[in-house]
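Peer 1: Pasting a predicted model and its sequence here:
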Amino acid sequence: MARSLTTYVVYVAVLLGTCRTLSGVSGQAVPGVDSRLQSGKFPLFPYANCMKDGGVYGLAPSVSDLGGGKYCFTIVVDDQSCTGPCCSSDLYKIELNVANSCLVSGASVSATLNGVPLVRPSPSFDAPGDGPSGSTIIRIPGIALNKTTAQGAELCITLKTNKAGQGCTNLGQLCSSSTGSCTGACSAAFFDTTCKCCPVSQTTGNCAPPPPSKPSANCKGLVCFTAELVPPVFDIRPYRFDAAVCDRATGALITELEKTELGTQTLSSFLSLEPSARCSETLYSICANFTTDYKESFVENITTALEAAASEMLPLLLSEFAGDSCKPELDGYLVTARTFSDKCVTFEDYKSITCFAANGRPPCLCNSTQGILPYVVSARYYAQRGSRLDTTEYCFNISKLPQDMVIPSNCAGINSINKLEFYANRDLRTSIRGFTLYPATGGIVRISDIWGNQYSNTLKATNVNWTAAQADGGRICAVLQNPVTMMDVCLGSPGDKCLVAIYNGNRDCCPTFATGFAP
């Protein structure tokens, strides 16, 4: 009987994502441990008897804010500099060090890994039994990754308050940072299956710029504007700045300088842009000279006024490079627009956006990570005349990734495409006239459209069954009855973008791409 009880207790502990039996917390379920029962045996995060140093897993510095309390972290693997016994460990669960004020009855947290919900066991808030009084964590079990599959994996959490609106809804409230660290800097511990290894990693959070300095009575200096493009870890559809993009941004800045007010004048009265910008594949930079010696008599509190005026230009600059709602080419990219001055008038401000349009709606419980299959949907789809005068075909080009760019995974049957799925408006299903398949090799095939159940908005092109040779350079075209367009049909992504998922032969992997209309 004693043996059976021990087995049951250990099983429940594993199910809940803990590293010990429940007897250490006075028989209570681990979620919701009363802080009065916390022993304080391990005063520092992760509040457990495990090795915190020499780990192979960590988090990328930046975190994507997708709105609605949803935040996405990128897991990174550093095998080169790792030393010690934990370098060969797996990754079983992740724990976040969070503020005690988030541990509120009815408040909840959910999580997805590469777009797949983590359930059974589910994430939960917890007061760790061996931590000091008031210490709180989010426990995220069931990660089940290794050094190969963890690299670049995306872990997203969604925070929900209780019915009374109590709880944490953003990282600034959630993450319990050390004194002096930036707001919203999150500490995470990475546990292996044995819970002997628990290396700790931290994101950067939001750091406030230094206080502005007062300008001298007579001073010349520069105010600069930059836009930076940070590609994703796995750059499946490479996109870079070019001269045309940079020239358009410069023209937009000139126009905005003439419109933005500074005191009783416009910003162009004080700043003169350089003749040309510096433009590389990932960085745009242009500076403006002060038109005259600065004197405080120009505008009361000139530093604050100039910073405010320059900051007004950031949304425009961000829009020039990222688009109003993230161009489909930028899926997975971070774009940051920044303005600063480090001479005489000192200030800095920035706005950034991380584009994750393709992860907005995983089509089903499959791995939607881009790059796990060797196929890519182009960033733009286009229209061509249909076989009948009253129809139009909207075509999505397929290409094949080089083998060295395919992310190792557990996907089976990766050498063929079984089907494509589109997140689409079911109310317009009578306007869909099937699909035309144009393989790179072989003849044209026409197939019927299929929809998911009555509660779904999933349009399917099934039994495509293309080989790698047929897929590389092939295109799949949705046939629509005029005047309905693909922009009318597609759902779930801002602007004119469609979300398209490619399925492998086993249908367990479905890399999902955002693609926009090419006029």
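Peer 2: Great, that's in hand. Residues are numbered from 1 along each chain as shown.

Peer 1: okay, CA-based contacts and neighbour counts for the rest of this
Peer 2: OK.

Peer 1: For residue 73, give me its contacts.
Peer 2: Listed by C-alpha atoms under 8 Å, 6 or more residues apart in numbering, the contact set of residue 73 reads 59-60, 62-64, 154-156.

Peer 1: Beta-bridge partners for it, please?
Peer 2: With DSSP bridges as the criterion, residue 73 is bridged to residue 155.

Peer 1: Which pLDDT value belongs to it?
Peer 2: Looking at residue 73, its pLDDT stands at 91.

Peer 1: Ok, the one 3 residues further on next?
Peer 2: What the model reports for residue 76 is a pLDDT of 89.

Peer 1: Pull the distance from whichever strand or helix holds it to the chain's centre.
Peer 2: In the assignment (DSSP states H and E), residue 76 maps to strand 70-77. Centroid separation for strand 70-77 versus its chain: 8 Å, with C-alpha atoms, centre = their mean, to the nearest Å.

Peer 1: What are the boundaries of the helices in the stretch 201-350 of the chain?
Peer 2: 243-259, 302-311, 314-322 (DSSP state H, counting those that start in this stretch).

Peer 1: ok, residue 238 - how many residues close by?
Peer 2: Using other C-alpha atoms under 10 Å, residue 238 has 12 neighbouring residues.

Peer 1: can I see the domain layout of the protein?
Peer 2: Per the record, the chain has its domains at 25-202, 222-354, 358-517, by automatic domain parsing.

Peer 1: Residue 350 and residue 335 touch, don't they?
Peer 2: No. Between residue 350 and residue 335 there is no contact under C-alpha atoms under 8 Å: 10.5 Å.

Peer 1: Which one's more surrounded, those two?
Peer 2: Between residue 350 and residue 335, counting by other C-alpha under 10 Å, residue 335 is the more crowded of the two (23 against 17).

Peer 1: And that one, what's its pLDDT?
Peer 2: pLDDT at residue 335 comes out at 91.

Peer 1: Grab the nearest non-local neighbour of residue 70.
Peer 2: Spatial nearest neighbour of residue 70, chain neighbours left out: residue 158 (4.2 Å); criterion: C-alpha to C-alpha, 6 or more residues apart in numbering.

Peer 1: quick one: contacts for that neighbour?
Peer 2: By C-alpha under 8 Å, 6+ apart, the contact set of residue 158 is 68-71, 109-111.

Peer 1: Also residue 75?
Peer 2: Neighbouring residues of residue 75 by C-alpha under 8 Å, 6+ apart: 57-60, 150-155.

Peer 1: make it 10 Å
Peer 2: 57-61, 149-155, 233 (C-alpha atoms under 10 Å, 6 or more residues apart in numbering).

Peer 1: Take these and write them to JSON lines, including distance to residue 99 and neighbour count.
Peer 2: Shown next, in JSON lines, are those (distance: C-alpha to C-alpha, whole Å; neighbours: other C-alpha atoms under 10 Å):
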{"residue": "57", "distance to residue 99": "23", "neighbour count": "27"}
{"residue": "58", "distance to residue 99": "21", "neighbour count": "23"}
{"residue": "59", "distance to residue 99": "19", "neighbour count": "25"}
{"residue": "60", "distance to residue 99": "21", "neighbour count": "16"}
{"residue": "61", "distance to residue 99": "20", "neighbour count": "16"}
{"residue": "149", "distance to residue 99": "30", "neighbour count": "18"}
{"residue": "150", "distance to residue 99": "27", "neighbour count": "21"}
{"residue": "151", "distance to residue 99": "28", "neighbour count": "20"}
{"residue": "152", "distance to residue 99": "27", "neighbour count": "20"}
{"residue": "153", "distance to residue 99": "25", "neighbour count": "21"}
{"residue": "154", "distance to residue 99": "23", "neighbour count": "19"}
{"residue": "155", "distance to residue 99": "20", "neighbour count": "22"}
{"residue": "233", "distance to residue 99": "30", "neighbour count": "15"}
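
Peer 1: ok, which pair from the residues you listed is furthest apart?
Peer 2: 61 and 149 (19.4 Å; C-alpha to C-alpha).

Peer 1: mind showing which ranges of the chain have poor pLDDT?
Peer 2: 1-36, 176-183, 205-221, 263, 292-303, 305, 342-345, 357-364, 492-495 (pLDDT under 70).

Peer 1: Name the residues linked to the closest residue to residue 348 other than its chain neighbours by a beta bridge.
Peer 2: In space, not counting the residues next to it along the chain, residue 348 is nearest to residue 340; the distance is 4.2 Å by C-alpha to C-alpha, 6+ apart. Beta-bridge partners recorded for residue 340 (DSSP bridges): residue 224, residue 348.

Peer 1: Now do residue 340: how many residues are near it, please.
Peer 2: Neighbours around residue 340, by other C-alpha under 10 Å: 20.

Peer 1: Highest mean neighbour count out of the helices of the stretch 201-350 of the chain?
Peer 2: Comparing the helices of the stretch 201-350 of the chain by mean neighbour count (mean count of other C-alpha atoms under 10 Å), helix 314-322 ranks first with a mean of 21.

Peer 1: Residues contacting it, please?
Peer 2: With contacts defined as C-alpha under 10 Å, 6+ apart, helix 314-322 is touched by 225-229, 241, 245-246, 248-250, 252-253, 256, 284, 323-330, 333-339, 349-355.

Peer 1: quick revisit: so which of the contacts of residue 75 are in strands?
Peer 2: 57-59, 154-155 (DSSP state E).

Peer 1: what ranges do the strands span in the stretch 401-519 of the chain?
Peer 2: Using DSSP state E, counting those that start in this stretch, the strands of the stretch 401-519 of the chain run over 416-417, 419-423, 432-438, 445-447, 450-451, 458-461, 466-467, 475-481, 498-503, 512-517.

Peer 1: Let me know the angle separating the last one from strand 498-503.
Peer 2: Right, strand 512-517. Counting by axes from the mean of the first three to the mean of the last three C-alpha atoms, to 10 degrees, strand 512-517 lies at 140 degrees to strand 498-503.

Peer 1: Just checking: what are the partner strands of strand 512-517?
Peer 2: strand 380-385 (parallel), strand 498-503 (antiparallel).

Peer 1: any idea how far residue 482 is from residue 397?
Peer 2: Using C-alpha to C-alpha, to the nearest Å, we find residue 482 at a distance of 22 Å from residue 397.

Peer 1: for residue 312, same thing?
Peer 2: According to C-alpha to C-alpha, residue 312 stands 39 Å off from residue 397.

Peer 1: which one of those two has more residues nearby?
Peer 2: residue 397 (20 against 16).

Peer 1: list the contacts for that one?
Peer 2: Residue 397 sits next to 376-382, 438-439, 471-477 when contact means C-alpha under 10 Å, 6+ apart.

Peer 1: any chance of the helices of the stretch 201-350 of the chain in JSON lines, plus distance to residue 368?
Peer 2: As requested, these are exported to JSON lines (distance: least, C-alpha to C-alpha, whole Å):
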{"stretch": "helix 243-259", "distance to residue 368": "30"}
{"stretch": "helix 302-311", "distance to residue 368": "37"}
{"stretch": "helix 314-322", "distance to residue 368": "23"}
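
Peer 1: right, so of the ones you listed, which gets closest to residue 452?
Peer 2: helix 314-322 (33.0 Å).

Peer 1: quick revisit: check contacts around the residue nearest to residue 348.
Peer 2: Residue 340 is in contact with 222-226, 287, 307, 310-311, 346-350, counting by C-alpha under 10 Å, 6+ apart.
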